[in-house]
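[1] the following block contains a protein sequence and its predicted model.
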Amino acid sequence: MTDESIYFMESEKRIADLKNTPAYLAEINATPACLDLFTRLGQFLTTALEYQLKLNKSPKAFTVAGAEVKEVAATDFSITASVMSAYGEKIDNSDLKGLTAYTYTRLYRGKVLDQLNDCKYILGLIATHAAGLADYKIDAKYITGLQGLVAQLEQISKLPQDIIKQHAIDHTMYEDHEKLTKKFFDKEMDPFMEIYRKAYMEFYLAYVAARKVRHHHMKRKAILPDVETTTGILELLVLDKVSMEPLAGVNFMVMALNLSESTDGDGETYNDNIAPGSYTGILHNDGYKSISFDFVIKAGETSSLQFLMEGESN
């Protein structure tokens, strides 16, 4: 998955998680149009997560397992080639004598398909000289073992390719799904949520904050919650009350944490590794009324807060 897709999916999760706030859930359930939108969002998200699981798979697991088969095959076939070359010297056969080139290093370090072809070539020579090689302990039982290794090499040579092909198909299907989801937001959910600028500003701000794609702290792959996490995260979004545009350069301070910084170009701040507890923060920006607020940090959780700053003249 691309970074953009991962960020977008994270935004979907954050919006869906708004239902975890009892007051927001009550509003969603009480408004049929809103409930329908959040239900459909849940369906979009479920499908996206299924694709994420598929796309996070790779041929690596098969490559690791295949390396073990390659090693055994390289060992057994290099020994076999060496023994066959000795027989070749006895009967003065150039093909058999040439098997000295089929060393462990050549067989193991080559690509799976190259090793497979080399092993099949050796098996072909065994079939031609089976009678004489039986005296060199390359008998029917021994040959069966070599054939089994070739069968395993054929299997591992196909599996990664199959996975790569399926990965490409799944990726294309996810891209189509993502386009539908973005259209759903742009054409239906975003326009509808504007009503909450009049009806329920807190809910609207929470939606806007969740809808924003935050590049500065997202990870490339989803990480399972760490039960041993002892700190929390604080995210702020600050908008102009009249224009609803993000406010950059707003000073944010928490005296108890000796924390002082400014909102970025998106009107945001992001602070992690905060010890759990109750704190008081202050927002100050020239030309605007300052805001003092209390917030709580819980271990392993993100506290996401949104603010509208009012001009001093208002």
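    Great, that's in hand.

[2] what about the longest helix in this structure?
    helix 140-184 (DSSP state H).

[3] what mean pLDDT does it get?
    The average of the pLDDT scores along helix 140-184 is 86.

[4] quick one: residue 261 is in a helix?
    No: going by DSSP: H, G, I helix; E, B strand; the rest coil, the assignment for residue 261 is strand, not a helix.

[5] for it, report the pLDDT, please.
    Note on residue 261: pLDDT of 92.

[6] what is the neighbour count of it?
    By the criterion of other Cβ atoms under 10 Å, residue 261 has 14 neighbours. C-beta: built from backbone N, CA, C; applies to glycine.

[7] verify the stated contact: it with residue 268.
    No: with contact defined as Cβ atoms under 8 Å, residue 261 and residue 268 do not form a contacting pair (10.7 Å).

[8] for the stretch 1-150 of the chain, which spans come out with low pLDDT?
    Across the stretch 1-150 of the chain, the ranges flagged by pLDDT under 70 are 1, 57-66.

[9] got the end-to-end distance for stretch 97-115?
    19 Å (Cα to Cα, to the nearest Å).

[10] what about stretch 130-138, start to end distance?
    8 Å.

[11] buried residues in that stretch?
    132, 133, 138 (16 or more other Cβ atoms under 10 Å).

[12] residues contacting the second one?
    Shown here is residue 133, whose contacts under the criterion Cβ atoms under 8 Å, 6 or more residues apart in numbering are 83, 84, 87, 126, 139.

[13] just checking, the third one touches residue 130?
    No: counting by Cβ under 8 Å, residue 130 is not a contact partner of residue 87; they are 11.2 Å apart.

[14] skipping adjacent residues, who's closest to residue 231 in space?
    In space, not counting the residues next to it along the chain, residue 231 is nearest to residue 273; the distance is 4.6 Å by Cβ to Cβ, 6 or more residues apart in numbering.

[15] name the element the one you found belongs to?
    Taking DSSP states H and E as the criterion, residue 273 maps to strand 268-274.

[16] got the buried residues for that strand?
    Going by 16+ other Cβ under 10 Å, strand 268-274 has these buried residues: 268, 269, 271, 274.

[17] related to what we said a few turns ago, can you tell me which of the contacts of residue 133 end up in strands?
    When DSSP state E is applied, the contacts of residue 133 are split such that none fall in strands.

[18] name the helices or strands packed onto the longest helix of the chain?
    Judged by 3 or more Cβ pairs under 8 Å, 6 or more residues apart in numbering; DSSP states H and E, helix 140-184 is in contact with helix 3-16, helix 32-55, helix 60-91, helix 112-128.

[19] if we can go back for a sec, so which of the contacts of residue 133 is the most crowded?
    Neighbour-wise, the contacts of residue 133 (other Cβ under 10 Å) top out at residue 84, 26 neighbours.

[20] pLDDT weak spots in the stretch 201-314 of the chain?
    Applying pLDDT under 70 to the stretch 201-314 of the chain flags residues 213-228, 314.

[21] change it to 80
    212-229, 313-314 (pLDDT under 80).

[22] so where do the strands sit in it?
    Secondary structure of the stretch 201-314 of the chain (DSSP state E, counting those that start in this stretch): strands at 232-240, 251-254, 259-262, 268-274, 277-284, 291-297, 302-309.

[23] contacts for the first one, please.
    Pointing back at strand 232-240 there. Against strand 232-240 from outside (Cβ under 8 Å, 6+ apart): 205, 208-209, 212, 214, 245-247, 250, 252, 263, 266-272, 274-276, 283, 285, 295, 297-309, 311.

[24] ok, of these, which come out buried?
    With burial judged by 16+ other Cβ under 10 Å, the buried subset of the contacts of strand 232-240 is 205, 208-209, 212, 214, 246-247, 250, 252, 263, 266-269, 271, 274, 283, 285, 295, 297, 303-309.

[25] and residue 68, how many residues sit next to it?
    Around residue 68 there are 11 residues (other Cβ under 10 Å).

[26] typo on my end, it should be residue 310
    13.

[27] need phi/psi at it.
    phi -100, psi 140 (degrees, to the nearest 10).
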